[in-house]
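Provided below are the primary sequence and the corresponding predicted coordinates.
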Amino acid sequence: MKLGGRLGPAKLWLLADYLMSPKLQDALADIMVGLARTQSGTPCPESTTMAYDRTTERSMIRKLLVAIYVSRGTRKQFANDRIHHCLEFALDFAEAVQARRYMTVVDRENYDDLGGEHSCRFHVHDVDKPCEHAQAD
């Protein structure tokens, strides 16, 4: 099952990035985490490729997509999605899989839980600023 469709949260995140709307980016990241935590599957390959084509290597959407694939995907799914043709994603994915192997059990559970329900792990707001989206809950 693919999380999102033609205009899924990852593509909307890219629009929010273009519009320079960090609050919307954070809200969409939370939606993606929520979907990944409650449904099986990974983001659609087109969204992942588009995110990699249109963002920088430090982009939070890249980190979120890799984390979802590592914690929710399988090797077979990774191969079937043909997302591996995106070299940057493949390298980030391999690096994350390798790093996950050396995590403690608690850290691995937190990683696989994508930081928990109200985590700022994939938010774009400044670290010094409180998370406005979490305060609205």
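That came through, no problem. Computed from a predicted structure; not experimentally measured. Numbering: from 1, shown residues only.

what's the spacing between M50 and T104?
As defined by C-beta to C-beta, to the nearest Å, M50 lies at a distance of 34 Å from T104. Where you see a C-beta, it was placed from the backbone N, CA and C, and this is true even at glycine.

Looking at those two, which one has more neighbours?
Between M50 and T104, counted using other C-beta atoms under 10 Å, the more crowded position is M50 (16 against 8).

where's the more buried one, which helix or strand?
helix 45-54 (DSSP states H and E).

what residues does the helix or strand following that helix touch?
Using DSSP H and E, the helix or strand that follows helix 45-54 in sequence is helix 60-72. For helix 60-72, contacts defined as C-beta atoms under 8 Å, 6 or more residues apart in numbering pick out 3, 10, 13-14, 17, 25, 29, 32-33, 36, 40-43, 47-48, 51-52, 55, 78, 83, 88-89, 92-93, 96-97, 100, 111-114, 122-124.

buried ones in the one helix or strand A16 maps to?
Following DSSP H and E, one finds A16 within helix 9-18. Neighbour-count burial for helix 9-18 flags P9, A10, K11, L12, W13, L14, A16, D17 (criterion: 16 or more other C-beta atoms under 10 Å).

same deal with stretch 56-67?
So for stretch 56-67, counting by 16+ other C-beta under 10 Å, buried means S59, M60, I61, R62, K63, L64, L65, V66, A67.

pLDDT and distance to D128 added to the residues you listed, as a markdown table?
Listed next are the buried residues of stretch 56-67 as a markdown table, based on pLDDT from 0 to 100; distance: C-beta to C-beta, whole Å:
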| residue | pLDDT | distance to D128 |
| --- | --- | --- |
| S59 | 93 | 20 |
| M60 | 93 | 16 |
| I61 | 94 | 21 |
| R62 | 94 | 23 |
| K63 | 93 | 19 |
| L64 | 93 | 21 |
| L65 | 91 | 26 |
| V66 | 91 | 25 |
| A67 | 91 | 23 |
